[in-house]
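1. Compute the structure for the input listed below.
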Amino acid sequence: EEGQAGEETESESSEVPVKRVKRKTSIACYSCRKRKMKCNGMRPVCSNCEKRQLVCDYAPVAKRR
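-> Got it, this is the predicted structure:
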């Protein structure tokens with residue numbers, strides 16, 4: 001008795017799209033901000049600065065309460 005109410009078939013469960021969550025970088029380095037590039041926020045040097053051999057500086061992080 002296939003396809004009874006309440007049962008999922010293989011075709012139904014495999015068609016569900018998987019949403020990926022994009023993580024937003026909280027602070028971009030000065031070089032990426034100046035060039036309006038996407039910064040991955042890696043420290044001490046982000047990937048863009050590493051590729052271009054630039055100095056990678058970040059704004060000081062304010063402490064939250």
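2. make it CA atoms for all contacts and neighbour counts henceforth
-> Noted.
3. pLDDT wise, what is Glu12 at?
-> If you check Glu12, the pLDDT there is 52.
4. Then Val45?
-> 95.
5. Same question for the one 10 residues further on.
-> You'll see Val55 listed with a pLDDT of 94.
6. Also Thr9?
-> So, for Thr9, pLDDT stands at 53.
7. Ser26 sits in which helix or strand?
-> Assigned by DSSP states H and E, Ser26 belongs to no helix or strand.
8. Name all residues that make contact with it.
-> The contact partners of Ser26, by CA atoms under 8 Å, 6 or more residues apart in numbering, come to Gly41.
9. measure it to Pro17 for me?
-> When distance is defined by CA to CA, to the nearest Å, Ser26 is 28 Å away from Pro17.
10. And Lys51, by the same measure?
-> 34 Å.
11. got it, and Pro44?
-> Counting by CA to CA - Pro44 and Pro17 are separated by 36 Å.
12. more crowded one of those two?
-> Pro44 (11 against 7; other CA atoms under 10 Å).
13. Now do the same contact list for that one.
-> Applying CA under 8 Å, 6+ apart, the residues contacting Pro44 are Cys56.
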